[in-house]
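Engineer: Predicted structure and sequence below. I'll ask about it afterward.
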Amino acid sequence: MPFRDLYAIPDAPERWQVPQDFTTVFNWDFAPERSRLLNLYERGKAMQWDANQRIDWSLELDPEDPQQLPPEALPINDAPFFQRMSRAEQSEIRRHHQAFNVSQFLQGEQGALLCAAKIVQQVPDFDSKFYAATQVMDEARHVEVYKKLIGKFGIAYPMTAPLRELLDQVLRDSRWDMTYLGMQVVIEGLALAAFARIRDQAQNPLAAAVNAYVMEDEARHVAFGRLALRDYYPHLTEAERAEREEFLVEACYLMRDRFDAIELWSALSLPVKECLAFLHESGSLAAFRQRLFTRIVPTVKDIGLWGEMVRKGFGTMGVLDFAATDLDALARDDEAVARRFDERRAYVDHIVRAAQV
């Protein structure tokens with residue numbers, strides 16, 4: 001079955017073409033410049049993995065609650081109109097909601113694939129080209145795993161309007177650092193927090209493992225953006241810095257609003273206004289949105305885009321306290337969690353082999 005046939009929203013376009021005009025930079029010097037980025041490149045090479053080997057795709061999803069998440073993972077779970085529904089109706093909405101989110105992971109990862117390939121072409125220094133090349137492979141693998149995972153739902157959703165708008169801006173912009181800022185910092189920073197929620201809360205072992213392994217890669221990608229932009233942004237003029245801060249705040253609002261999931265509620269023929277009213281009045285969505293900025297805020301501060309406009313924007317969102325988050329500790333934890341999933345898989349395989357003998 002063509003993957004497009006899984007879309008719950010009819011008439012989803014088969015292709016999206018984004019015209020681009022940017023300079024491809026050849027570096028004839030070939031001289032690596034920053035040992036930190038070269039070390040990241042070495043890690044990127046060493047930590048490549050095969051999705052067919054590392055993940056047990058024979059595992060299935062729960063028909064009623066595919067990823068087996070806590071009830072509150074569905075933001076309208078406590079809404080009066082939802083509580084009045086039958087169990088079968090609630091299960092169907094829960095299945096669609098999870099498929100909607102995983103679909104956005106898949107759509108975002110394809111965007112990351114294209115952005116990483118663009119960075120290889122655009123970025124002037126060779127060490128960044130080296131690492132970005134490993135990220136291209138990472139992103140292709142992420143598209144692969146989320147495509148396989150969403151296939152087990154039997155439902156898919158096209159890209160949301162806010163994500164599409166941000167990707168359109170990032171892909172069209174001719175400046176290499178804007179690709180980093182939009183993708184490495186905002187989109188992937190937010191995705192890490194969303195992945196973590198499933199990795200840490202899902203009782204379904206397949207869903208948890210997919211997100212754990214993707215997060216292991218994504219933590220390196222965010223580190224790549226930090227290292228590159230931290231060195232570049234001190235040299236900007238005040239006007240150039242202000243332009244990037246304005247873009248950053250707008251991008252964060254776009255990504256925050258993506259979780260209103262208007263397309264989902266509409267596709268399910270739910271009362272959209274009632275859904276949005278509950279989401280905004282109950283506080284559940286606000287709390288979830290705040291957690292999404294766990295990685296973005298400290299990254300933005302680290303790269304030096306910490307002017308009044310950014311601080312005011314983050315203050316309005318209620319996420320300024322995340323500025324003190326230890327990003328390196330989070331990245332180490334992401335890798336440790338992925339190793340524990342490997343150990344668990346190895347232990348289960350050992351038990352199965354022993355039983356067969």
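Structural biologist: Arrived safely. Residues are numbered from 1 along each chain as shown.

Engineer: okay, and for the stretch 201-350 of the chain, where does confidence drop off?
Structural biologist: For the stretch 201-350 of the chain, the stretches flagged by pLDDT under 70 are 284-285.

Engineer: Which strands and helices lie in contact with the host helix or strand of residue 152?
Structural biologist: Following DSSP states H and E, one finds residue 152 within helix 126-153. If you count contacts as 3 or more C-beta pairs under 8 Å, 6 or more residues apart in numbering; DSSP states H and E, helix 126-153 packs onto helix 35-46, helix 51-54, helix 87-122, helix 205-232. All C-beta atoms are positioned from the backbone trio N, CA, C, and that covers glycine.

Engineer: Contacts made by the second one with the rest, please.
Structural biologist: The contact list for helix 51-54, computed with C-beta atoms under 8 Å, 6 or more residues apart in numbering, reads 141, 144, 145, 148, 213, 342, 345.

Engineer: Can you name the next helix or strand after that helix?
Structural biologist: Downstream of helix 51-54, the first helix or strand assigned by DSSP H and E is helix 80-83.

Engineer: Residue 114 is in contact with residue 172, correct?
Structural biologist: No: if you go by C-beta atoms under 8 Å, residue 172 and residue 114 don't touch, sitting 11.7 Å apart.

Engineer: Look at these two and report which has more neighbours.
Structural biologist: Per other C-beta atoms under 10 Å, whichever of residue 172 and residue 114 has more neighbours is residue 114, with 18 against 13.

Engineer: residue contacts, residue 159?
Structural biologist: 16, 104, 107, 167.

Engineer: which SS class is it?
Structural biologist: coil (DSSP: H, G, I helix; E, B strand; the rest coil).

Engineer: all helices for the stretch 151-300 of the chain, in order.
Structural biologist: Assigned by DSSP state H, counting those that start in this stretch, the stretch 151-300 of the chain shows helices spanning 161-172, 176-179, 188-201, 205-232, 238-257, 262-267, 272-282, 284-292, 296-303.

Engineer: And for the residue nearest to residue 24 when sequence neighbours are not counted, the neighbour number?
Structural biologist: Sequence neighbours aside, residue 121 is the residue nearest to residue 24 in space, at 4.3 Å (criterion: C-beta to C-beta, 6 or more residues apart in numbering). The number of residues packed around residue 121, counting by other C-beta under 10 Å, is 15.

Engineer: Residue 121 against residue 25, yeah?
Structural biologist: Yes: counting by C-beta under 8 Å, residue 25 is a contact partner of residue 121 at 7.1 Å.

Engineer: center of this protein, which residue is that?
Structural biologist: With distances taken as C-alpha atoms, centre = their mean, the residue of the chain nearest its centroid is residue 191 (2.4 Å).

Engineer: looking at it, that residue is touching residue 106, isn't it?
Structural biologist: No: look at residue 191 against residue 106 with C-beta under 8 Å: they stay out of range, at 11.1 Å.

Engineer: Distance of residue 217 relative to residue 116?
Structural biologist: 11 Å (C-beta to C-beta, to the nearest Å).

Engineer: Show me whatever sits in contact with both of those two.
Structural biologist: Common contact partners of residue 217 and residue 116 (C-beta under 8 Å, 6+ apart): residue 138.

Engineer: Just give the closest residue to residue 255, not the sequence neighbours.
Structural biologist: Residue 255's closest residue in space is residue 190 (C-beta to C-beta, 6+ apart), at 4.9 Å.

Engineer: actually residue 160, not the one I wrote
Structural biologist: residue 258 (5.1 Å).

Engineer: Verify the stated contact: the one you found with residue 162.
Structural biologist: Yes: counting by C-beta under 8 Å, residue 258 touches residue 162, with 4.3 Å between them.

Engineer: Which one's more surrounded, those two?
Structural biologist: Each of residue 258 and residue 162 has its neighbours counted (other C-beta under 10 Å); residue 258 has more, 25 against 19.

Engineer: if I pick that one, what's in contact with it?
Structural biologist: By C-beta under 8 Å, 6+ apart, the neighbours of residue 258 are 104, 160, 162, 163.

Engineer: if we go to 6 Å?
Structural biologist: Applying C-beta atoms under 6 Å, 6 or more residues apart in numbering, we find residue 258 in contact with 160, 162, 163.

Engineer: Near the closest residue to residue 131 other than its chain neighbours, how many other residues are there?
Structural biologist: Take residue 131 and drop its neighbours on the chain: the residue closest to it by C-beta to C-beta, 6+ apart is residue 41, 4.3 Å away. Neighbourhood size, residue 41 [other C-beta under 10 Å]: 22.

Engineer: Mind pulling the model confidence for residue 41?
Structural biologist: At residue 41, the model reports a pLDDT of 88.
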